[in-house]
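Chemist: structure of the sequence below:
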Amino acid sequence: MFFGSYEHSLDGKNRLRIPAAFKEGLGENPNIAIGRDGGLVIYPASTIRAISMSIREKGVPKEKRPAIRAFLANMFQLSEDSQGRFIISSKLRDVSGISKEVVFVGVDDRVELWSLDRWQNIDVEDSDIDLSDYGI
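Modeler: Numbers count the residues shown, from 1 in each chain. All right, here's what the predicted structure looks like:
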């Protein structure tokens, strides 16, 4: 399980390092994709295998095919260099608004990657939302 948040900065070549707290859990060959709320999502390979199995087992109704296709078409395997850095493509930077400062956020079975600006503008004042059914 991933939790916590860590701020980092892109270097001059648009590279980042995965925070040490998330590195082991993401394992070998993690994948990065466009998230649903304006950020990016980094998945361990094991989670991608589970998603793939679910798609195969359940099938994809015609109305969901464009969304599944877009999700898979905009997913990329993270390739780290010898110093453990990976490059965020210009397409993913544009979609997510990432330019320099970022925040890695642990969210259960995945890690989200946000531009610092977008992360700081998320409305967290919904503290009156009942989360008791999650044990929170």
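Chemist: okay, CA-based contacts and neighbour counts for the rest of this
Modeler: Fine.
Chemist: beyond the top helix by length along the chain, next helix or strand please.
Modeler: Assignment by DSSP state H gives helix 45-58 as the longest helix of the chain. Counting by DSSP states H and E, the next helix or strand C-terminal to helix 45-58 is helix 65-73.
Chemist: buried ones in whichever helix or strand comes after that next one?
Modeler: Toward the C-terminus, helix 65-73 is succeeded by strand 75-77 as the next helix or strand (DSSP H and E). By 16 or more other Cα atoms under 10 Å, the buried positions in strand 75-77 come out as 75-76.
Chemist: mind listing residues that contact strand 75-77?
Modeler: Contact with strand 75-77 is made by 29-34, as judged by Cα atoms under 8 Å, 6 or more residues apart in numbering.
Chemist: which one (most neighbours) among the residues you listed?
Modeler: Per-residue neighbour counts (other Cα atoms under 10 Å) across those peak at Ile34, which has 24 neighbours.
Chemist: ok, what's across the strand from that residue?
Modeler: In this entry, Ile34 is beta-bridged to Leu40, by DSSP bridges.
Chemist: do Val107 as well
Modeler: Beta-bridge partners, per DSSP bridges, of Val107: Arg110.
Chemist: what is the burial count for it?
Modeler: Residues near Val107, counting by other Cα under 10 Å: 14.
Chemist: hmm, back to that, any idea how far the longest helix of the chain is from the middle of the chain?
Modeler: Computed by Cα atoms, centre = their mean, to the nearest Å, the separation of helix 45-58 from the middle of its chain amounts to 16 Å.
Chemist: mind listing what's buried along it?
Modeler: 45, 47.
Chemist: spatially central residue in the chain, please.
Modeler: With distances taken as Cα atoms, centre = their mean, Val41 lies nearest the centre of the chain, 1.1 Å away.
Chemist: any idea how far Leu78 is from that one?
Modeler: Computed as Cα to Cα, to the nearest Å, the Val41 to Leu78 distance reads 11 Å.
Chemist: hang on, the earlier thing: give the rounded mean pLDDT of the longest helix of the chain.
Modeler: Average pLDDT, helix 45-58: 93.
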